[in-house]
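Asker: Predicted coordinates and the sequence they were generated for:
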Amino acid sequence: MRISAAADRLGTTPRMLRYREALGLLPPTAEGPGRHRQYSPGDLAAAAWAAVVEQRHGVGPRELAFALRALSDPAVADDVRRLGELTGRVSPPTRALDFDQRKAQRLLRRG
């Protein structure tokens, strides 16, 4: 379906759909440059779910696009995890490993 029909169905604007696509919040299209995108049911589902996630968590499309990047790009994920550790919002992985190691040692001493 064309962008205007897709936007109407989603209760948004063609401009917002183009913006979401530019941010990577829609599946990539196989269409070449200069061709009009045809929106599939999967495209509509992705756009609708993005809107739900944004509303549910109080974020905008840019923040959601960055979250997807952090999930899919290991370097970005590492940087975000490090920031979480520095701010105390995320425990360093070694702490979790240390906990498991101590637990295993306690179990071995019992046996």
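Answerer: Received, thanks. Please read all numbers here as calculations on a predicted model, not as lab measurements. Residues are numbered from 1 along each chain as shown.

Asker: what sits up against stretch 88-108?
Answerer: Outside stretch 88-108, the residues within contact range by C-beta atoms under 8 Å, 6 or more residues apart in numbering are 81, 84-85. Placement of C-beta: from N, CA and C, glycine included.

Asker: Could you check which helix or strand contains Val90?
Answerer: Under the criterion DSSP states H and E, no helix or strand holds Val90.

Asker: what domains does the record give for this protein?
Answerer: What automatic domain parsing lists as the domains of the chain is 1-72, 76-111.

Asker: Could I get the full set of strands for this protein?
Answerer: Under the criterion DSSP state E, the chain contains no strands.

Asker: Centroid-nearest residue for it?
Answerer: Centroid check for the chain by C-alpha atoms, centre = their mean gives Leu68 as the closest residue, at 2.6 Å.

Asker: Tell me the spatial nearest neighbour of it, not counting adjacent residues.
Answerer: Gly24 (6.4 Å; C-beta to C-beta, 6 or more residues apart in numbering).

Asker: what's the burial count for the one you found?
Answerer: 15 (other C-beta atoms under 10 Å).

Asker: quick one: it and Ala47, what's the gap?
Answerer: 12 Å (C-beta to C-beta, to the nearest Å).

Asker: Next: Pro28.
Answerer: On the measure of C-beta to C-beta, Pro28 and Ala47 end up 14 Å apart.

Asker: what do you get for Val80?
Answerer: Taken as C-beta to C-beta, the span from Val80 to Ala47 is 25 Å.

Asker: More neighbours: which of these two?
Answerer: Ala47 (23 against 17).

Asker: In this structure that one contacts Leu23, no?
Answerer: No - counting by C-beta atoms under 8 Å, Ala47 does not reach Leu23; the two are 11.1 Å apart.

Asker: coming back round to it: the residue nearest to Leu68 and Gly60, how far apart?
Answerer: 14 Å.

Asker: lowest average confidence, helix or strand, in this protein?
Answerer: The helix or strand of the chain with the poorest confidence is helix 93-110; it has a mean of 74 (mean pLDDT, DSSP states H and E).

Asker: If anything else comes up later, I'll come back, but that's it for now.
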